[in-house]
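S.K.: next one to model:
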Amino acid sequence: MRSAEIRRRFLAHFEANGHTVVPSAPLPFDDPNLLFVNAGMVQFVPYFIGQQAAPWSRATSVQKCIRTQDIEEVGKTTRHGTFFQMSGNFSFGDYFKEEAIKLAWALSTNSVADGGFGLDGERIWATVYLDDDEAIDIWHRVIGLPLDRIVRRGKADNFWSMGIPGPCGPCSELYYDRGPDYGNPGGPEVDEDRYMEFWNLVFMQNERGAGTSKEDYPILGELPAKNIDTGMGMERMAVLLQGVDNLYEIDETKPILDRAAELTGKRYGANSGHAATQSDPDDVRLRVIADHVRTALMLIVDGVTPSNEGRGYVLRRILRRAVRSMRLLGWEDRALVELMPVARDCMSASYPEVATDFERIAMIAYSEEDTFRRTLAAGTAIFENAVSSLKQGNAHQLPGEQAFKLHDTFGFPIDLTLEMAAEQGLSVDTEAFHRLMTQQRERAKADARANKSAHGNSPVYRQLRDEGETVFIGYTDLSNETAVRGIVADGELTDRAKQGQIVEVVLDETPFYAESGGQIADEGVITAEGAQLRVLDVQKPLKGLIVHRVEVTEGEIGAGSVVHAQVDPEWRRSARQAHSGTHVVHAALREVLGPSALQSGSYNKPGYLRLDFAWGSALSEVTRRDIEEVSNRALRADLPVSVQHMPLARAREIGALALFGETYETDVRVVEIGGPWSRELCGGTHVDHSSQIGALSIIGEASVGAGVRRVEAFVGLEALRYLANERALLNSVSETLKVPPAEVPDRVASLVERLRTLEKELERNRVSAVLAGAGQLAAQAQNVGGTHLVAVAAPAGIAGNDLRTLALDIRGRLDAAAPAVVVLLSEVDGKLHFVASVNQAGQQAGLSAGELVKRFAPILGARGGGKADLAQGAGGDPAKAADALASVLAEVATV
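M.R.: Next up, the predicted model:
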């Protein structure tokens, strides 16, 4: 049974039993505690803990999930996958343990003909929490499971939470016995490879606090209602129903693995057994490739792009591990261009968007691989320099600090460092490397713990929101009379705030727009009798709650006070221009570049906007002008701007664009500019007609990551001021050059060409001056045992390429049939520069420029190196130049 069919049957089973099918949330979920959705119930947390009323009493979903804490185990076990799909059914205060168990058992064991999965009930085991006698009774009495296949387990195994403060509860897990080929008998406690967990039924009834491990956290109390949260691993069920050994061999990953094996010439499974512990290292690498390529595909389609922090770093690491694994298997060419299309074909049956959006996905992935290949080249150069230094000092181990620097600064994988070190006959101080890696992880964990907070940020916010949602009237009104619901100072509710304090204020109604969707918060004032508050920021810490950060500039304010809230009208006017301008630029990008130029982020404030979009190369000046032209034509056309509210499904039907990674409600707000020309899901404030934007000037375009470009623009008065400044600058240059403005480009080009010509002439003169003394220096050659030697101090001020050119010229003037050595030292700004050169006859006689430099550089207190024919260096004490030259004479004499 294929994965897409497993998905269909799961949803159909629960829909037939009264559950509403809920779409998967995007992987980059909007939660301060999580980089990605890591469990099927994440999007339902507010309903479990009572922050919001659930729209349904029963729900079911197949949720895309990412877990990276066990990334090093990927490929080594049957159970660890970076991307997985969690099929879940949820009850919000409706049914509890008995019905949850019965529903899971029915779908698992009903025949395929009857819509089930057809598992053999005699091979299913159940685990329960230590003291959950009720669950044991249901399994034994209602389902008929023998007591010897029901196992009690502790908190670490059978008490579930997300790993952070929030909902939790005891759970019951279903395991399937795959037989003696996969391990030892005795149940899940003995062998979790043979006995594969495929479904976890969580009886969500408690709320937990912060802790340090799976077992060390307090239970804060009962949830408002007893809920059900179950998760059936889609990939694990596919393993069982497709009769394969592990999740890397199912229909959604095996074709990727097979293509990687074909490219690298490996025979997957040839040297491995059924059990995970019997895996050949090459097979492990092939599994890593299959897992990581699929994961990268799903991250990119949900809007994640490679970067050096947060979600983007996770994607970058996953892509680079896949490319690295291909290299370790012997594949040196571009790999993702061969593997990504296979992953697309594997996943498109369940996620059609990976096919329709593949042009953008591929552009981002391939660009990142190209960047990594360049990184490998740079890292290789750094590595080779380090090896050269080690060999000069007769050392045989690369320090852990250097290996860590290669890894941390240049993105150089430690496995590759180890491999290349072995090729050079060196070892690596892996103990020091891993110590530094551990220190880095501990710092990252500490930062993560510091950033974690209980769901909803603060009980104070929950308390204020529980009194009712803040009503936002700012779409139509910029001022209103309202009441102060609460004042928060230092995280605590307070009755009053006095002049000079900075506090947070919650109003019953507000015209102030809270920062979201790329639009920054409104500015303005809140006044009351004898008091004035300057609004510094406006945020939404909880859905439905708008919080104003204010400075009390006059008097004092109290909770319950009636106040007048006033948005700065000029601020809002300019903010509307910028936000609508962002939509116009997005539409213009798609018109000029094509539909794959999709927005991946934006920021707008009065007079200014920036928009990040998927694109793999820099925009030409002509393309930038075209985008600006299309944008301004839309402004001149005075296109109507309209707002509609509709179901999310309907919005998608009519082609409304959604920002990647955003989570949307069932009902959404659609903003149109010129009808279908620009149609986006958006909660921001906008102009009524495009002409009200005024003007738009693109001021810059640059890369902000692999496959992502950023365009910046001024709008409204700021655009006009920018154009006025540009005109003034052009006029100034025109006056300086004494040509009309239209002739400035040609005049500047002419001046630049003249400057380049003069620079070339100066360079020729300089080289001629340097070489003028070559003949005189060549005449000073000594015959040392048949070798012509010029070892002298060259004129001061000659360095780098010039000194090297002089040495080669002198060498060329000496008899090519006899061994010849040239060593020159020159002082430049108190620092020595030196070069050594040996002709072909000298090399055949056993002389080497590189070896000569290695021997005399330490006398100077300097470093240098090179090849047999040419070597150079810099640094050291000029006073020791004579000693160094004498050592060269002695060295040549011994050959």
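S.K.: and the strands in the stretch 701-850 of the chain?
M.R.: Per DSSP state E, counting those that start in this stretch, the stretch 701-850 of the chain carries strands over the ranges 708-715, 782-784, 787-793, 820-828, 831-838.
S.K.: any idea which of the ones you listed is most buried?
M.R.: Mean neighbours per residue, mean count of other Cβ atoms under 10 Å, is largest over the strands of the stretch 701-850 of the chain for strand 831-838, with a mean of 26. (Glycine included, C-beta is placed from N, CA and C.)
S.K.: what strands line up against that strand, and which way round?
M.R.: Strand 831-838 has its sheet partners listed here by DSSP bridges as strand 820-828 (antiparallel), strand 870-874 (antiparallel).
S.K.: may I see those strands organised as CSV, with mean pLDDT and distance to V835 added?
M.R.: Formatted as CSV, these follow (pLDDT from 0 to 100; distance: least, Cβ to Cβ, whole Å):
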stretch, mean pLDDT, distance to V835
strand 820-828, 92, 5
strand 870-874, 91, 4
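S.K.: F472: which of those is closest?
M.R.: strand 870-874 (65.8 Å; Cβ to Cβ).
S.K.: just the strands in the stretch 101-250 of the chain please.
M.R.: Secondary structure of the stretch 101-250 of the chain, counting by DSSP E, counting those that start in this stretch: strands at 124-129, 150-153, 159-161, 166-177, 195-208, 219-233.
S.K.: in this structure, where's the longest helix?
M.R.: The single longest helix within the chain, with elements called by DSSP state H, is helix 358-392.
S.K.: average model confidence for that helix?
M.R.: Taken as a whole, helix 358-392 has an average pLDDT of 85.
S.K.: could you point out which element follows it?
M.R.: strand 397-398 (DSSP states H and E).
S.K.: other residues contacting that next one?
M.R.: 386-387, 390, 417, 421, 426-429 (Cβ atoms under 8 Å, 6 or more residues apart in numbering).
S.K.: may I ask which of these has the most neighbours?
M.R.: The most crowded member of the contacts of strand 397-398, judged by other Cβ atoms under 10 Å, is T417 (23 neighbours).
S.K.: what's the nearest residue to that residue if we skip its chain neighbours?
M.R.: Counting by Cβ to Cβ, 6 or more residues apart in numbering, T417 lies nearest to A403, which is 5.1 Å off, once chain neighbours are set aside.
S.K.: can you check A343 too?
M.R.: Counting by Cβ to Cβ, 6+ apart, A343 lies nearest to L297, which is 4.5 Å off, once chain neighbours are set aside.
S.K.: what is the burial count for Q52?
M.R.: Q52 has 16 nearby residues by other Cβ under 10 Å.
S.K.: and it, backbone torsions?
M.R.: Note on Q52: backbone dihedrals following degrees, to the nearest 10 are phi -140, psi 150.
S.K.: and it, how far is that from V460?
M.R.: 17 Å (Cβ to Cβ, to the nearest Å).
S.K.: now do G694
M.R.: Counting by Cβ to Cβ, the gap from G694 to V460 is 42 Å.
S.K.: show me what contacts the residue most central in space within the chain?
M.R.: Closest to where the C-alpha atoms of the chain average out (Cα atoms, centre = their mean) is G312, at 0.4 Å. Neighbouring residues of G312 by Cβ under 8 Å, 6+ apart: 304-306, 705.
S.K.: any idea which of those is least confident?
M.R.: For those, the pLDDT minimum is G705, 74.
S.K.: give me the number of residues near that residue?
M.R.: Around G705 there are 20 residues (other Cβ under 10 Å).
S.K.: so how far is V585 from it?
M.R.: Applying Cβ to Cβ to G705 and V585 gives a distance of 19 Å.
S.K.: same question for A817.
M.R.: From A817 to V585 the distance is 71 Å (Cβ to Cβ).
S.K.: ok, now V630?
M.R.: 9 Å.
S.K.: looking at the two, which is more packed in?
M.R.: Between V630 and V585, counted using other Cβ under 10 Å, the more crowded position is V585 (29 against 17).
S.K.: burial measure for the closest residue in space to K867 that isn't next to it in sequence, as a count.
M.R.: Leaving out its chain neighbours, the residue that sits closest to K867 by Cβ to Cβ, 6+ apart is G850, at 5.6 Å. Residues near G850, counting by other Cβ under 10 Å, number 20.
S.K.: what about G850, distance to G864?
M.R.: Distance from G850 to G864, by Cβ to Cβ: 9 Å.
S.K.: residues that sit against both of these two, list them.
M.R.: A871.
S.K.: what are the ranges of the strands in the stretch 551-700 of the chain?
M.R.: Going by DSSP E, counting those that start in this stretch, the stretch 551-700 of the chain shows strands at 556-558, 562-567, 599-605, 608-614, 641-647, 667-673, 678-681, 696-705.
S.K.: the closest residue to M363 other than its chain neighbours: neighbour count?
M.R.: Nearest residue to M363, sequence neighbours excluded (Cβ to Cβ, 6+ apart): G616, at 4.2 Å. Number of residues near G616 (other Cβ under 10 Å) recorded here: 18.
S.K.: pLDDT wise, what is the residue nearest to T417 at?
M.R.: pLDDT, A403: 89.
S.K.: am I right that it is in a strand?
M.R.: No. If the criterion is DSSP: H, G, I helix; E, B strand; the rest coil, then A403 is helix and not within a strand.
S.K.: which residues are in contact with it?
M.R.: Counting by Cβ under 8 Å, 6+ apart, A403 has contacts 414, 417, 428-430, 432-433.
S.K.: I'd like the distance between it and L436.
M.R.: For A403, the distance to L436 (Cβ to Cβ) stands at 9 Å.
S.K.: next one: E827
M.R.: 40 Å.
S.K.: repeat that for G850.
M.R.: Separation of G850 from L436 (Cβ to Cβ): 32 Å.
S.K.: next, the buried residues of stretch 148-165.
M.R.: Of all the residues in stretch 148-165, those buried under the rule 16 or more other Cβ atoms under 10 Å are 149-153, 155, 157-165.
S.K.: for the record, mean pLDDT for it?
M.R.: Mean pLDDT, computed over stretch 148-165, is 89.
S.K.: would you mind measuring the gap between the ends of that stretch?
M.R.: The first and last residues of stretch 148-165 sit 35 Å apart, counting by Cα to Cα, to the nearest Å.
S.K.: quick one: it to chain centroid distance?
M.R.: Chain-centre distance of stretch 148-165: 32 Å, with Cα atoms, centre = their mean, to the nearest Å.
S.K.: ok, the closest residue to V128 other than its chain neighbours to G865 distance?
M.R.: With Cβ to Cβ, 6+ apart as the criterion, V128 has its nearest non-adjacent residue at 4.4 Å, and that residue is A135. A135 sits 71 Å away from G865 when distances are taken as Cβ to Cβ.
S.K.: between these two, tell me which one has more neighbours.
M.R.: More crowded of A135 and G865, by other Cβ under 10 Å: A135, with 25 against 17.
S.K.: T127 is in contact with that one, correct?
M.R.: No. Counting by Cβ atoms under 8 Å, A135 does not reach T127; the two are 9.5 Å apart.
S.K.: just the helices in the stretch 651-800 of the chain please.
M.R.: Here the stretch 651-800 of the chain has its helices, by DSSP state H, counting those that start in this stretch, at 716-737, 744-771, 774-778, 800-813.
S.K.: which one of those helices lies nearest to R710?
M.R.: The minimum distance between R710 and the helices of the stretch 651-800 of the chain falls on helix 716-737, with 17.4 Å, by Cβ to Cβ.
S.K.: next one: the closest one to chain centre, how far?
M.R.: On Cα atoms, centre = their mean, the centre of helix 716-737 falls 39 Å from that of its chain.
S.K.: for that helix, buried residues please.
M.R.: 716-719, 722, 734.
S.K.: elements contacting that helix?
M.R.: Packing partners of helix 716-737 (3 or more Cβ pairs under 8 Å, 6 or more residues apart in numbering; DSSP states H and E): helix 569-593, strand 696-705, strand 708-715, helix 744-771.
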